[in-house]
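# Got a predicted structure here, sequence first:
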Amino acid sequence: MIKRILVGVSGTPSTGSKIDYTMDLAERLGAKLDILSIIDVDRLSHVGMVPIGAGGMAEMLRKDRIKQSAENAMAAIERVIARAKEQGVPYTHLLAEGDPFEILAEHWQFNDLCVLGLRDWFDHGVVPDPEDVLLHLAKGGVRPILAVGEGYRPVKKALINFNGTKSSANAMKRFVQMCLWPGMHLHILAVEPSAAKAALLLERAADYCRDHGYPVTTQHEIGDPKSVILQTAHEQECDVIVVGVSFHRALLHTVFSEVTLGIIKESDVPIFMNH
């Protein structure tokens, strides 16, 4: 049962679609919104190398960036509030300053679903690799995440990437159990060299989804997982892609799955992520 939805807004290009997806879910599920926008003052203050004698100009630039970010964030919050009032959706809202990871993780403790942008973040392009942010959040316990792009479309069909790993199973089960869009069709894809293994995986996954009341089709493919997933989502006219977030440690750094990262960078439909 979904009763609390955390939505991160900031005035970036995906703000409109985040509002549309969030309002659709909140109104149908009877959920309350936690509207959050975060100004990362530390990152916005980094303006690069400053020539001698240009300290005053650099300080003006810092202040202008922070001021502009705050204005964009507040405008985005007001857009969400206006829609919430119009549709009778209860809400709370907060414009915060600080580390986006820490603040979002703190708010996540009291929500069921987090809605964010696929390729933008709270501080308007300051983060070097915005796609990595979603994976770091999922690794840090903020999950599940519904990451959306710049356009909205009703969700009638979902592509579930299932390869038998724990993360893909967790993502599939969480998505099915949450029942975000009742009655949608589930298309389960296994990108697997072994036809026998794929058949077993798909059979068991399909049985699980059907037992939860969903119509299901399955598909087995061989090839590059990222390319196959994106191509299948397009060919099957899927409205959301369900993926597991996997990662491992290498040389003291967290290395995320290139498949998931590639899908985030290239997908034109929302992604539901769980670890």
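Done, it's in.

# Number of residues surrounding residue 86?
Residue 86 has 9 neighbours, counted by other Cβ atoms under 10 Å. (C-beta placed from N, C-alpha, C; glycine too.)

# Any figure for the gap between it and residue 176?
Residue 86 is 31 Å from residue 176, where distance means Cβ to Cβ, to the nearest Å.

# Same question for residue 6.
Remark: distance between residue 6 and residue 176 (Cβ to Cβ) = 21 Å.

# Ok, residue 193 next?
For residue 193, the distance to residue 176 - Cβ to Cβ - is 26 Å.

# Also residue 155?
In this view, residue 155 and residue 176 are 14 Å apart by Cβ to Cβ.

# Could you tell me which residues touch both of those two?
Among the neighbours of residue 155, none is also in contact with residue 176 (Cβ atoms under 8 Å, 6 or more residues apart in numbering).

# Could you pull out the strands in the stretch 101-250 of the chain for me?
113-117, 145-148, 157-161, 185-191, 216-221, 240-244, 247-250 (DSSP state E, counting those that start in this stretch).

# May I have the strands that pair with the fifth one, each with its orientation?
Strands that pair with strand 216-221, judged by DSSP bridges, come out as strand 185-191 (parallel).

# CA atoms of the partner strand as CSV?
Taking C-alpha atoms only, strand 185-191 is exported to CSV below (Å, rounded to 0.1, in the frame of the first residue of the first chain):
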residue,chain,number,x,y,z
HIS,A,185,0.4,-5.5,-18.8
LEU,A,186,3.8,-6.9,-17.8
HIS,A,187,6.3,-8.0,-20.4
ILE,A,188,9.2,-9.9,-18.8
LEU,A,189,12.5,-10.0,-20.7
ALA,A,190,15.4,-12.3,-20.1
VAL,A,191,18.6,-11.5,-21.9
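
# Specify the angle between it and strand 240-244 in degrees.
Per axes from the mean of the first three to the mean of the last three Cα atoms, to 10 degrees, the angle that strand 185-191 makes with strand 240-244 is 50 degrees.

# average pLDDT for the longest helix belonging to the chain?
Using DSSP state H, we find that the single longest helix of the chain is helix 55-87. On average, the pLDDT along helix 55-87 is 81.

# chain center to the helix or strand that that helix is followed by: distance?
Downstream of helix 55-87, the next assigned helix or strand under DSSP states H and E is strand 91-97. Averaging C-alpha positions (Cα atoms, centre = their mean, to the nearest Å) puts strand 91-97 19 Å from its chain's average.

# buried residues in strand 91-97?
91, 93, 95-96 (16 or more other Cβ atoms under 10 Å).

# Who are the packing partners of it?
When contacts are defined as 3 or more Cβ pairs under 8 Å, 6 or more residues apart in numbering; DSSP states H and E, strand 91-97 packs onto strand 32-39, helix 55-87.

# among these, which is the most enclosed?
Among the helices and strands packed on strand 91-97, strand 32-39 has the highest mean neighbour count (mean count of other Cβ atoms under 10 Å), at a mean of 23.
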